[in-house]
Each structure stands twice: as C-alpha cells, then as structure tokens.
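>>> need the 3D shape of this:
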Amino acid sequence: MSERQTILIVEDDEDLRRLFRTALSLAGYDVIEAGDGLEALQRIEEAPPRLVVLDLMLPGFNGVTVRQELAAHAPTRHIPVVVITGTHVPDDLDVDCVLRKPIAVDELLTAVQRSLASQAGGAV
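Reported below is the predicted structural model:
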C-alpha cells in the first residue's frame, strides 16, 4: 500500500469499534469512527473515506439508510461498503461484502483488502 487509505468504521458498540480500529490501524489504514448513522453521514460529507465498515443496527439512522444515502449521491456512490451485522440484510442492499457477527479480525482485514482491490481493479 503506497499511500494510507482512510476507512470509516460505523459501529455503535464501542468495544467492537476499538477492536476494528486497532486492527485496521496496525494493518496500515487511517481510521475514522462514527457511533451512529447521523455521525457517519456527517463524517463522510466532511471527508469521504476510501471504504466504509458499516453495522446495520445503529441508533438514529440505521446502516441501511446510511448505505442508501451513499448510493444516492454521485460523490459517494463509488465508496465500497463492508457490512458487519448479526441481523438480516435486505436483498437489494448493494454492498461489497457482508460479514456476520461475531467476526474475527482477520475476516474483516481480508474483506477490506478485497473490497479496496476490486474498487481499484486489482487483485489481493
């Protein structure tokens, strides 16, 4: 990875968010965080990340709404989304990858690397 890529973690569970942040930071990514859907949309508007790790069950705007908002706007519709959830994922939710909780850190890292590589047109 030549330049550090920014990943947004959207997760309301602080412990999980800290675990994901640590793993992604150690893997060489810059990480920003949001604890709910509204905060996620604000952070994306301020500085769009290269990829979003998105929980679906969030206070306020849920993850489905966040994904729909990203897809509805040209500047953000290209951002890959990796969903992490323990709930049902709607069939029409266009995301790069779905990981079922509980997930291992290496599963998350692999999903992030693959999603970024496919966005760039490369291979992992």
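>>> what residues of the helix ranked longest in the chain count as buried?
When the chain is scanned for its longest helix (criterion: DSSP state H), the result is helix 105-120. Buried residues in helix 105-120, counting neighbours by 16 or more other Cβ atoms under 10 Å, are found at 108, 109, 111, 112, 114, 115, 116. C-beta coordinates here come from the backbone N, C-alpha and C atoms, glycine included.
>>> quick one: those as a markdown table, columns for distance to residue 48 and pLDDT too.
Converted to a markdown table, those look like this (distance: Cβ to Cβ, whole Å; pLDDT from 0 to 100):
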| residue | distance to residue 48 | pLDDT |
| --- | --- | --- |
| 108 | 20 | 98 |
| 109 | 21 | 98 |
| 111 | 19 | 98 |
| 112 | 16 | 98 |
| 114 | 20 | 97 |
| 115 | 15 | 96 |
| 116 | 14 | 96 |
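>>> next, give phi and psi for the residue nearest to residue 109 when sequence neighbours are not counted.
Using Cβ to Cβ, 6 or more residues apart in numbering and skipping the chain neighbours, the partner closest in space to residue 109 is residue 27 (5.5 Å). Residue 27 adopts backbone torsions of phi -80, psi 0, taken as degrees, to the nearest 10.
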